[in-house]
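Q: what's the 3D shape of this:
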Amino acid sequence: MGKGYVRKRGENSWQVAVYVGQDENGKDKYDYRTVHATKKKEADKVALNLANEVAQGRYVSPNSMTVATLLTRFVESKKPPETRQSTYDFYEKLSRIHLIPDLGDKLAGRLRRSEIRSYYIQKEKAGMSPSTTKHLHETLRAALRQAVEDGDLAENPLEGLKAPNVPPRPMTIWTAEQAARFLEMTRDHRLYAAFLLALTTGMRRGEILGLRWQDVNLDAMTLAVEQSFVPTSVGLSVEAPKTEAGKRLVDLGELTVEALRKRFIDQVHERQDLKDGFKETGLVFTQVDGQRITPRRYDRQFDLQVKKAGLPRIRRHDTRHTFITLALGNGGNLNSVAQRVGHADPATTLKIYGHVLPTMQRQVADNIEDLYTQARPSSAVEEGTDGVAHVIAHVTQQPEPK
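A: Numbers count the residues shown, from 1 in each chain. Below you'll find the predicted structure:
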């Protein structure tokens, strides 16, 4: 590493010192940084990276680090395999197109919450969507936090700055009758089983296109969500679910099982017809020659079938919204629905689809009265106030009031 050292300062704290050259008087200069980490190897890594930057002529003093340098280092650290390709693309695109051109010349350590807040407002006035503005905030915040963790900055100058508010995006969903019409009109389409999965399980497009036969158990009437197809800057990336909840087992209905069984038989025939011309991918949904179906191709087919059916145009992700809304509106248990669609916390489902729940009050009222009526013994008194009291008393095993 050259001149320098790594010393323990306190609990989960290390001091790193790396020789960076000499000042105008010929005196050795060191870059001193505090690294917050539980293990020394994390501090050693920071020291080694600094020493390499000095050796390669890329060293920049923390006091003179610009936002451009900060973001460039941050994005570089996110290259695969350190993160998913889609995650790298997310940070790289926002940094390259917006943050570096707009803020690159500013000193990272001298950023002020007020100027960044004004920057977000200006971007939205120029036509940027609130969600994209929030993504800018997330990228800048993550880069600054990493710089603090690496010892490049003493503190995060934007700590405490709230993310821009993103208003809820209006959902366009189908009614049960419209969804049923779409499924009926696409019954003979090669992607019928895929459309059925979207509307009966709430699976995402990438999860459906990434589904393999090894993940499907038709006898047990289940499938496992193990991977997803994600469009990236280098092509279609196969990625595992982001959370443990996203990696889930999904129960299937008889209609869906039969559609998948037909898809399997059709694929067997396609394989037999093309022989060596059929590409083995193990995927459930493929082109005729076995090649995987891209998200763009799926979207085109979906939009075309919606138009043919004469239905209101919805985005392909709105099939997920349609499933969740209809499932909850039809009395589905919140926890079960959240688990089925891969939400880690039912509170997420509630936050997005809470508007559906008030309409369930009537169903709850009817259901509880049906329960009491069904539990009523054959010798119950005639309907009326006393009759209701008798039924409730029977269900709760309490004596009737006299």
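Q: now the most centrally placed residue in the chain: how far from residue 163?
A: Nearest to the mean C-alpha position of the chain, counting by C-alpha atoms, centre = their mean, stands residue 242 at 6.6 Å. The gap separating residue 242 from residue 163 is 19 Å, by C-beta to C-beta, to the nearest Å. Where you see a C-beta, it was placed from the backbone N, CA and C, and this is true even at glycine.
Q: then residue 240?
A: 27 Å.
Q: quick check: residue 119 is in a helix.
A: Yes: according to DSSP: H, G, I helix; E, B strand; the rest coil, residue 119 belongs to a helix.
Q: so it sits right up against residue 99, yeah?
A: No: between residue 119 and residue 99 there is no contact under C-beta atoms under 8 Å: 9.4 Å.
Q: was I right about residue 146 contacting residue 76?
A: No: if you go by C-beta under 8 Å, residue 146 and residue 76 don't touch, sitting 11.0 Å apart.
Q: out of those two, which sits in the more crowded spot?
A: Set residue 146 next to residue 76 and count neighbours by other C-beta atoms under 10 Å: residue 146 wins out with 17 against 11.
Q: distance check, that one against residue 75.
A: In terms of C-beta to C-beta, residue 146 sits 11 Å off from residue 75.
Q: over to residue 342?
A: Distance from residue 342 to residue 75, by C-beta to C-beta: 28 Å.
Q: likewise residue 81?
A: From residue 81 to residue 75 the distance is 15 Å (C-beta to C-beta).
Q: the two: which is more packed in?
A: Counted by other C-beta under 10 Å, residue 81 and residue 75 do not tie: residue 75 has more neighbours, with 21 against 6.
Q: contact partners for that one?
A: 88, 91, 92, 95 (C-beta atoms under 8 Å, 6 or more residues apart in numbering).
Q: what sits against the second one?
A: Spelled out, that is residue 91. By C-beta under 8 Å, 6+ apart, residue 91 lies in contact with 74, 75, 78, 139, 142, 143.
Q: go again with 7 Å.
A: The contact partners of residue 91, by C-beta atoms under 7 Å, 6 or more residues apart in numbering, come to 74, 75, 78, 139.
Q: likewise the third one?
A: Taking C-beta under 7 Å, 6+ apart as the criterion, residue 92 is in contact with residue 75.
Q: just the pLDDT at residue 249, thanks.
A: Turning to residue 249, the model gives it a pLDDT of 96.
Q: next up, identify which helix or strand residue 208 is on.
A: Per DSSP states H and E: residue 208 is located in helix 205-209.
Q: show the average pLDDT along that helix.
A: Helix 205-209 comes out at a mean pLDDT of 97.
Q: which other helices and strands does that helix contact?
A: helix 192-201, strand 228-232, helix 295-308 (3 or more C-beta pairs under 7 Å, 6 or more residues apart in numbering; DSSP states H and E).
Q: got the buried residues for the helix or strand that the shortest one is followed by?
A: The helix or strand immediately downstream of strand 228-232 is strand 235-239, counting by DSSP H and E. Neighbour-count burial for strand 235-239, counted by 16 or more other C-beta atoms under 10 Å, picks out 236, 237, 239.
Q: I'd guessed the second one sits against residue 227; true?
A: To tie it back to what came earlier, the one meant is residue 237. No: with contact defined as C-beta atoms under 7 Å, residue 237 does not reach residue 227; the gap is 10.1 Å.
Q: any idea how far the residue nearest to the centre of the chain lies from residue 264?
A: 29 Å.
Q: and for stretch 43-59, what's in contact with it?
A: In contact with stretch 43-59 (C-beta under 7 Å, 6+ apart) are residues 1-2, 4, 6, 14, 16, 18, 20, 31, 33, 35, 37, 150-151.
Q: again with stretch 26-36
A: With C-beta under 7 Å, 6+ apart as the criterion, stretch 26-36 contacts 4, 9, 12-23, 42-43, 46, 50, 149, 151.
Q: helices - which of those land there?
A: Mapping these onto helices (DSSP state H) picks out 42, 43, 46, 50, 149.
Q: got a quick ChimeraX command for the buried subset of these?
A: Per 16+ other C-beta under 10 Å, the buried members of these correspond to this ChimeraX selection:
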select :42,43,46,50
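Q: can I get the ones in helices among the contacts of stretch 26-36 in a markdown table with distance to residue 191 and pLDDT?
A: Rendered in a markdown table, the data for those read as follows (distance: C-beta to C-beta, whole Å; pLDDT from 0 to 100):
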| residue | distance to residue 191 | pLDDT |
| --- | --- | --- |
| 42 | 48 | 88 |
| 43 | 53 | 88 |
| 46 | 50 | 85 |
| 50 | 53 | 83 |
| 149 | 46 | 86 |
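Q: pick out whichever of the ones in helices among the contacts of stretch 26-36 sits closest to residue 197.
A: residue 149 (41.2 Å; C-beta to C-beta).
Q: is it fair to say residue 177 lies in a strand?
A: No: Residue 177: not assigned to a strand; according to three-state DSSP it is helix.
Q: name the residues of stretch 287-305 that come out as buried.
A: Result for stretch 287-305 [16+ other C-beta under 10 Å]: buried residues 290, 292, 293, 295, 298, 301, 302, 305.
Q: and these, which two are furthest apart?
A: That would be 290 and 305, which, of the buried residues of stretch 287-305, are the farthest apart (C-beta to C-beta) at 22.3 Å.
Q: the helix holding residue 208: how far from the chain's middle?
A: What separates the centre of helix 205-209 from the centre of its chain is 13 Å, taken as C-alpha atoms, centre = their mean, to the nearest Å.
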